[in-house]
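In: have a look; sequence and predicted model below, questions after that.
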Amino acid sequence: MIRAPAIVSAVACLAWATAAVAAPRFAPHPTPAQIAASVTRYGAGETVNALFDQHRWDFVSERIAAGDGAWLALAAKLAPGVDAGTAEELPIDLAFALPRNAAAVLAAIRDGASDVGDVCSAPFIEDTVKDIPAYRRHAVAAVERVADPRLATTKTACLVALRKPD
């Protein structure tokens with residue numbers, strides 16, 4: 001005769017084992033498509049946690065900061081799953097990307113990757129950017145070149161934040 005506690009223990013172990021197998025796994029250099037698929041399958045929170053736990057978050061962060069459009073589009077998908085350090089890094093990564101690919105950054109902001117004020121206020125930590133006035137000039141010039149009417153509201157808000165004196 002099987003006792004109820006034994007059944008509960010067996011079910012709990014099976015559920016834990018299934019959850020462990022079902023967690024996202026990433027190669028050392030995951031692609032935006034692989035990460036987007038993980039967000040679809042597991043959700044943003046599980047995906048961000050897996051990237052962080054598997055030491056892949058820095059790789060993703062660097063790609064977003066570099067300004068590639070596919071990585072910037074991924075930022076809005078990951079944003080609901082960030083917390084603590086990753087939540088602080090994402091707007092900074094977007095700010096680094098702003099002078100490089102303003103249209104994609106503005107689209108990511110519009111799509112929920114971060115608050116416009118958090119990205120367009122030059123949110124850098126300590127001395128990561130040595131010349132903030134030069135950064136602002138480059139970022140303003142890049143944002144001013146964005147002509148997509150779907151980004152007009154985000155563009156205006158970003159320019160206001162970039163031009164705000166410290």
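Out: In hand now; what should we look at? Numbers count the residues shown, from 1 in each chain.
In: please count neighbours and contacts with C-alpha atoms only from this point.
Out: OK.
In: mind listing the strands for the protein?
Out: With DSSP state E, there are no strands along the chain.
In: where does it have low pLDDT?
Out: Where the chain drops to pLDDT under 70, the residues are 1-22, 166.
In: going by residue numbers, what spans are helices in it?
Out: Secondary structure of the chain, counting by DSSP state H: helices at 4-22, 32-42, 44-53, 57-66, 69-78, 84-97, 102-110, 116-119, 132-144, 152-163.
In: and those helices: which comes nearest residue 125?
Out: Evaluated over those, closeness to residue 125 peaks at helix 84-97, with 8.3 Å, by CA to CA.
In: now the angle between helix 57-66 and the closest one, please.
Out: 30 degrees (axes from the mean of the first three to the mean of the last three CA atoms, to 10 degrees).
In: hmm, who's touching helix 84-97?
Out: 61-62, 64-67, 72, 75, 79, 105, 113-115, 118-120, 122-124 (CA atoms under 8 Å, 6 or more residues apart in numbering).
In: just the buried residues from those, in ChimeraX please.
Out: Here is the ChimeraX selection string for the buried members of the contacts of helix 84-97, based on 16 or more other CA atoms under 10 Å:
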select :61,64,65,66,67,72,75,79,105,113,114,118,119,120,122,123,124
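In: what separation is there between residue 123 and residue 136?
Out: 11 Å (CA to CA, to the nearest Å).
In: contacting residues for the closest residue in space to residue 73 that isn't next to it in sequence?
Out: With CA to CA, 6 or more residues apart in numbering as the criterion, residue 73 has its nearest non-adjacent residue at 5.8 Å, and that residue is residue 108. With contact set as CA under 8 Å, 6+ apart, residue 108 has these partners: 72, 73, 75, 76, 114.
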